[in-house]
Every structure is written in C-alpha cells, then in structure tokens.
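*Asks:* Give the three-dimensional model of this entry:
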Amino acid sequence: MATNTRHRPSRAVLLLAIIVVAIAVGSLLRYWLQRGDDEDGVLRLYGNVDIREVELAFRQPGRLAQMVFDEGDTVTAGEVMARLDAVPYRERLAAAEAEHGAARAELDKLRSGNRPQEIAQARESVSQAQAAFTEAQRDFQRQSSLFESGASSQRTVDAARAAHDRTAANLAAAKAALSLAVDGFRSEDIAVGEARVAAAAAALAQARTALADTQLVAPSDATVMARVREPGSMVASNNAVYSLSLRDPLYVRAYVSEPDLGRIAPGSPVRVYSDSSNRVYRGQIGFISPRAEFTPKTVETTDLRTDLVYRLRVVIADADEGLRQGMPVTVEVALERGGERRDGP
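*Replies:* Numbering: from 1, shown residues only. Prediction:
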C-alpha cells in the first residue's frame, strides 16, 4: 500500500516557519522590554567599571635604595613611595653650586670695575711718566741749543731726542692704562659674564631637580597593584617600579543603542549598581561617543551583539572599594517625559 506524501510539509518549510516565529518572539520580547523601561521611567544600560592605572617610574637612573609600599597598600597623593641612592646627585649639586658661585663672583668683579687702589696706582704711573718726559724734554732742548753753538755733538743730541721720544711713549701708555682703570671693563665682557652666570644657574637648577627626582611620589590617591622592583636593583629612567590603580576618578564604560540615544545626554544623572552588593552609586553621564561601533563581547545587553551602539562614560561621584576594575554593572538613567526630565536619583 503506497504512502501519500503529497500533502506532508517539507523540512525547509518547517525550518522557515521556526525562523519566522523566533524573529517574531524576539521582536515582541524587545518591545516588552522597552515598554517596561518606559513604564517605570528608567532606561537600563549595561557596562563595566573602568579604573585608570598608572605606571610609576623614576626620571633619573640609579640604585634603588628603598621601596616603601607593598601590593594592596593604599597611598595618598604626595606620599613618597620609593627612593634612589641620592649620594651621586648630592655631589653633583655641590659641584653645580660651586660653579654658580664662581660665575657670580666673576660677574660682580666685572660690574664693580677696578679697585680704588688700582686706579691710584695707575695715576701714580702717569705722574712718574710725566716727570720722566718733562726731564727728557728739557735735556733735549738743552742739547739742541748747545749743538747750535758748537758746544755739543750730534751724537749727544740724538741720544737726548731718543730719550725724549721714549718718555713720551711711556707717558701715553700710562695715561691709557689710567683711562682703562677708571672706565672699568667693557660691556661685552659684562655680557659674557652674565651669560656664564645664567648657564651656571641652569646647571644648578638641573642638579636640584635631579636630586628631587630621587624620591618617587604618588601622583594621587591610589591602590598599589604591583611592586615591580626591589631595593638594591639598578633602574634606568622610565623603568616602572610600581603599578597603581587610581581611586578617583572612577568611570563606568557602558553602551547605548541608537533608538535610545536621543533619551540621554551628557550630564544626565544615573544610578549604578552591581550584582555583588545592594549599594547604589550615584553619578552622571560625562561623555557620549559620536561614533557608532559594534557591541563588545564583554558587554551583555538585551539586544543582539551585532547591533550598532554608542559608547558612553559614566562618572561615579561616590565610588568606594565595592567597585573594581572590569566589574559588570547596571546603569539606570531617568527618562524624559512630556519635555521634562524625571527627578534623578
């Protein structure tokens, strides 16, 4: 007896019917979920806690002398966390201070000019040169008169003329030396001295900065995540010795779908809570990305993962130890109704 299969539905038809029903159920579920958000005036978003981390390093190389904190310790801004051996840097500072002092003294000497005793000595030299010149001038005149009368020889007159010229040159040199002593040093020499002082001051400032950099200071309140080096290690500049997790500010990275994008705005108050406690945190939306992206796999929402969403950042105002890096949280945003925003948390 033959079996009648003409009216039996094929597998392809059944599979197509199942897909259509699944799509309808998904759309209906999404509609009811959004309706639920609208009914209680809250838009629920999902994201993760985002805590910023800092890698601390010395700006100067050297031997690590002390590590004050250990992993898990809390630090406050300004606390000294580690120290380098500062002896080489103190010695460089002392040398820089000496160089700066010498440059300052030289500049003061140039600006002050010659001492009164040096000027007086120059004046005395002029007086002596003047006296010698006067005597030589008289002798030359006398020998010239005697030569005309035949009482003196040409050789004697020539010797008197040479003595006269020599003493005249000595007098001119003495007067020039006196003028230099009175006027002091040239402005160009003073400018060179000032430049040397400025260079020495810059070297001194660098030495002081280098000495201060032998202490590693916490930039803000944080928790020590990792202690990378130990005392006695030689560290180069920019080699991390601590890894810190900042306690403030604390953010939540969440995502909102395009249909809900118009319901929120920067500054909107929000409530944040996690599955690990009943604590409700308060904050506000601080940033909404202008660029769409696909939902990250680490974020769970009621939409399909292939939907385009917009990343937003929520700033938590009253964060505590209950929120940790990467923790999944729920963000509730009060929706607008009738052109007015409902009261925030």
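*Asks:* Return the list of helices and strands in contact with the lengthiest helix in the chain.
*Replies:* Across the chain, the helix with the greatest residue count (assigned by DSSP state H) is helix 116-149. The contact analysis (3 or more Cβ pairs under 8 Å, 6 or more residues apart in numbering; DSSP states H and E) places helix 116-149 against helix 154-183. (Glycine included, C-beta is placed from N, CA and C.)
*Asks:* And E53, how far from P61?
*Replies:* According to Cβ to Cβ, to the nearest Å, E53 stands 24 Å off from P61.
*Asks:* before we move on, what about A129?
*Replies:* 63 Å.
*Asks:* do V252 as well
*Replies:* Taking Cβ to Cβ, one finds V252 at 39 Å from P61.
*Asks:* tell me the domain boundaries of the protein?
*Replies:* Domain assignment for the chain by automatic domain parsing gives 41-51+248-341, 54-85+213-243, 92-209.
*Asks:* which one of those lies closest to L15?
*Replies:* domain 41-51+248-341 (19.9 Å; Cβ to Cβ).
*Asks:* tell me the average confidence for that closest one?
*Replies:* The predicted model assigns domain 41-51+248-341 a mean pLDDT of 78.
*Asks:* Which stretches in the stretch 151-300 of the chain count as helices?
*Replies:* Secondary structure of the stretch 151-300 of the chain by DSSP state H, counting those that start in this stretch: the helices cover 154-183, 187-212.
*Asks:* Quickly, which of those bottoms out on average pLDDT?
*Replies:* helix 154-183 (a mean of 81).
*Asks:* List the buried residues for the strand ranked longest in the chain?
*Replies:* Longest strand of the chain, by residue count under DSSP state E: strand 240-257. Going by neighbour count (16 or more other Cβ atoms under 10 Å), the buried part of strand 240-257 is 241-245, 247, 249-257.
*Asks:* got the contact list for stretch 321-332?
*Replies:* 42-51, 53, 245, 250, 252, 254, 270-277, 279, 281, 298, 300, 314, 316, 345 (Cβ atoms under 8 Å, 6 or more residues apart in numbering).
*Asks:* Which residue lies nearest the spatial centre of the protein?
*Replies:* R59 (11.0 Å; Cα atoms, centre = their mean).
*Asks:* which residues sit in contact with it?
*Replies:* D213, S237, N238.
*Asks:* Quick one, which of those are buried?
*Replies:* Buried, going by 16+ other Cβ under 10 Å: D213, out of these.
*Asks:* Take the contacts of R59 and write them to JSON lines, including distance to G150.
*Replies:* Shown next, in JSON lines, are those (distance: Cβ to Cβ, whole Å):
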{"residue": "D213", "distance to G150": "93"}
{"residue": "S237", "distance to G150": "95"}
{"residue": "N238", "distance to G150": "98"}
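*Asks:* related to what we said a few turns ago, and which of the buried residues of strand 240-257 is nearest to R161?
*Replies:* Ranked by distance to R161 (Cβ to Cβ), the buried residues of strand 240-257 are led by V241 at 86.6 Å.
*Asks:* Need the per-residue pLDDT for the closest residue to that closest one other than its chain neighbours.
*Replies:* Using Cβ to Cβ, 6 or more residues apart in numbering and skipping the chain neighbours, the partner closest in space to V241 is R229 (4.5 Å). Listed pLDDT for R229 reads 94.
*Asks:* Go ahead and confirm V197 touches A102.
*Replies:* No. Applying Cβ atoms under 8 Å, one finds V197 not in contact with A102, separated by 9.6 Å.
*Asks:* Who has more neighbours out of these two?
*Replies:* Counted by other Cβ atoms under 10 Å, V197 and A102 do not tie: V197 has more neighbours, with 19 against 13.
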